[in-house]
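Trainee: Based on what follows, work out the 3D shape:
(chains A, B, C and D)
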There are 2 protein chains.
Amino acid sequence: MATIAVENYLKHILLLSRDSSELVPMGALAGALSVVPGTATTMVKSLADEGLVEHRPRCGVRLTGEGRRVALNVLRKHRLVETFLVDVLKMDWSKVHTEAEQLEHAISDEVLDRLDALLGHPQSDPHGDPIPSKQGKLSSQVYATVATCLAGPNLRVVRITEQSAEFLQFAEKKGLQPGTTWRVTERDLTGGLVTLRRGTGKPLALSLAAAGNILVEPLKPATGPAEGE
Amino acid sequence: MATIAVENYLKHILLLSRDSSELVPMGALAGALSVVPGTATTMVKSLADEGLVEHRPRCGVRLTGEGRRVALNVLRKHRLVETFLVDVLKMDWSKVHTEAEQLEHAISDEVLDRLDALLGHPQSDPHGDPIPSKQGKLSSQVYATVATCLAGPNLRVVRITEQSAEFLQFAEKKGLQPGTTWRVTERDLTGGLVTLRRGTGKPLALSLAAAGNILVEPLKPATGPAEGE
DNA sequence: GGCTCCTTTTTGATTAGTCAAAATCAATCT
DNA sequence: AGATTGATTTTGACTAATCAAAAAGGAGCC
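Mentor: Have a look, this model is predicted:
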């Protein structure tokens, strides 16, 4: 069985690469795991020995088929646990990430399956992050962010791509949960500000940095709803 | 925070001592944890340094107040998780122990509380083992075992004190869950056999060893139901 | 071409937890 | 008492994961 550390390395390599052929630089990996670069190098070499990753010295690292399989399973556990914590235990949206970080390494595949069934086989977790299927398929739909949307059309929030409790708390307080509808009323690129409005509610100003963490889709797609990738 | 190993040592010391003043021999502890005796000695000494146990060299070990607090919290997590797995996820009675062994170290106190509330603050887990209260109170009701009951009166199963999947599977198959009612129809001490019967069902013969794992209470106590200690 | 800077790798140490096997202790049994 | 036995502790070694700091590459810049 993979240790907790191994599972974490694999999960973060998966999260840091947009497609499975892309090399993740060691520095980025070390940063994501909060270890010094030397530690990441050592660990990656031993993962390579086990056939879980391919290490290109001085270039980076990527998952092998087997490594990706393990990583997707961990990610599936993480996101299903998050969903469980919010939907069933009614936990605070902003706390579940840290909690799931522990639980993802402690639940068996059987519990995973039963949790999945209990929750009705959800497609995405409370932050809108897609949940890998049991077969290891991960939806990679590309969404626009609030930072890049023009003023005008109604937008549905689909995902918050920033796991920090601080940001999530902020988003929750402002009502920016996935599923809610907003429109951009103002874009001030010079000032780095975007202003949103939910129906006739009061306007909400966001920095471009913050807005970049909020993925949205246009509310009534012109050519009918596109069915995944 | 206590590591997983520390939590396990404390939990097993708690489980191996009937009252909190009793010394647990190092051999017994090592056996319960499946480590060699030397490992237990080393670990116990470091637990003593942290003030979690009191180590009497060559005699044994017992929990301090703080150690007991931590141990009870782990046990509470273990038993509430088991209850959750059976009651909510409908998992097999005989599998939940191993599962809970992992999860008990991964859930936070907040999740614990919410789980407790979700399950309706149960007093005992699916095996009938008492669940420590949040305040650290552990019911220590003493029950008779089937091995020591005379033939005749109706008995309610309250607890199975044997965590092995094999035994639990056997008990489940025979219908020996906590809450069910049986009576002893025959005791053959020489042969080491006890025969039980559930209503008018077919008789079930158990070895004394097996019968000793099944705790029962008389169904209609003569002097009114005693209200715990 | 040679320098500089940034990233990555190497090297040497450290911590937690473990095992194997030798040493020690205490209790019991002649 | 002296010897035997069984439990416990000590000693030395190992693995996984980590850090700090030195060494090595490579990319771009004069």
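
Trainee: Which parts of chain A are helices?
Mentor: Here chain A has its helices, by DSSP state H, at A:4-16, A:26-33, A:37-49, A:65-87, A:96-103, A:109-118, A:165-174, A:208-211.

Trainee: Residue A:126: which of those is closest?
Mentor: helix A:65-87 (4.2 Å; CB to CB). For glycine as for every other residue, the C-beta is placed from the backbone atoms N, C-alpha and C.

Trainee: before we move on, back to that, out of the helices of chain A, which comes closest to residue B:129?
Mentor: helix A:109-118 (20.0 Å).

Trainee: Give me the contacts around that closest one.
Mentor: A:73, A:76-77, A:80-81, A:84, A:88, A:107, A:122, A:134, B:85, B:88-91, B:95, B:99 (CB atoms under 8 Å, 6 or more residues apart in numbering or on different chains).

Trainee: and what of stretch A:66-78?
Mentor: By CB under 8 Å, 6+ apart, stretch A:66-78 touches A:2, A:6-8, A:10-11, A:13-15, A:20, A:47, A:51-53, A:63, A:100-101, A:103-105, A:107, A:109, A:112, A:131-134, A:136, A:138.

Trainee: Show the backbone phi and psi for the residue of chain A most remote from its centre.
Mentor: The centre of chain A is farthest from one residue, residue A:200, which by CA atoms, centre = their mean lies 30.1 Å away. Reported as degrees, to the nearest 10, the phi and psi values for residue A:200 are phi -110, psi 10.

Trainee: DNA strand C versus that one, what's the distance?
Mentor: 47 Å (CB to the nearest atom of the strand, to the nearest Å).

Trainee: One more: residue A:92?
Mentor: The separation that residue A:92 has from DNA strand C, given CB to the nearest atom of the strand, amounts to 30 Å.

Trainee: What's the separation between that residue and residue A:169?
Mentor: Look at residue A:92 and residue A:169: by CB to CB, to the nearest Å, they are 8 Å apart.

Trainee: can you check residue A:190 too?
Mentor: 29 Å.

Trainee: Tell me which of those two has more neighbours.
Mentor: Set residue A:190 next to residue A:169 and count neighbours by other CB atoms under 10 Å in any protein chain shown: residue A:169 wins out with 14 against 6.

Trainee: Once you drop chain neighbours, what's closest to that one?
Mentor: Closest residue to residue A:169 apart from its sequence neighbours, by CB to CB, 6 or more residues apart in numbering or on different chains: residue A:94 at 4.3 Å.

Trainee: wait, isn't the one you found in contact with residue A:162?
Mentor: No: Residue A:94 is not in contact with residue A:162 according to CB atoms under 8 Å; the separation is 10.8 Å.

Trainee: what sits in contact with each of the two?
Mentor: residue A:168.

Trainee: Let me know whether residue A:180 touches residue A:158 as I believe.
Mentor: No: counting by CB under 8 Å, residue A:180 stays clear of residue A:158, with 10.1 Å between them.

Trainee: Between those two, which has more neighbouring residues?
Mentor: residue A:158 (19 against 14).

Trainee: hang on, that one packs against residue A:216?
Mentor: Yes: counting by CB under 8 Å, residue A:216 is a contact partner of residue A:158 at 6.2 Å.

Trainee: Now the common contact residues for those two.
Mentor: residue A:143.

Trainee: Report the contact partners of the residue positioned nearest the centre of chain A.
Mentor: When CA atoms, centre = their mean is applied to chain A, the residue found nearest the centroid is residue A:129 (4.6 Å). Contacts for residue A:129 were tallied using CB under 8 Å, 6+ apart; they are A:79, A:159, A:161.

Trainee: Tell me how far it lies from chain B.
Mentor: 20 Å (CB to the nearest CB, to the nearest Å).

Trainee: again with residue A:52
Mentor: Taking CB to the nearest CB, one finds residue A:52 at 21 Å from chain B.

Trainee: Show the contacting residues for that residue.
Mentor: Per CB under 8 Å, 6+ apart, neighbours of residue A:52: A:2, A:6, A:10, A:63, A:64, A:66, A:67, A:70.

Trainee: Get me the contact residues on chain A for chain B.
Mentor: A:85, A:88-91, A:95, A:99, A:102-103, A:105-108, A:110-111, A:114-115, A:118 (CB under 8 Å from any CB of the partner chain).
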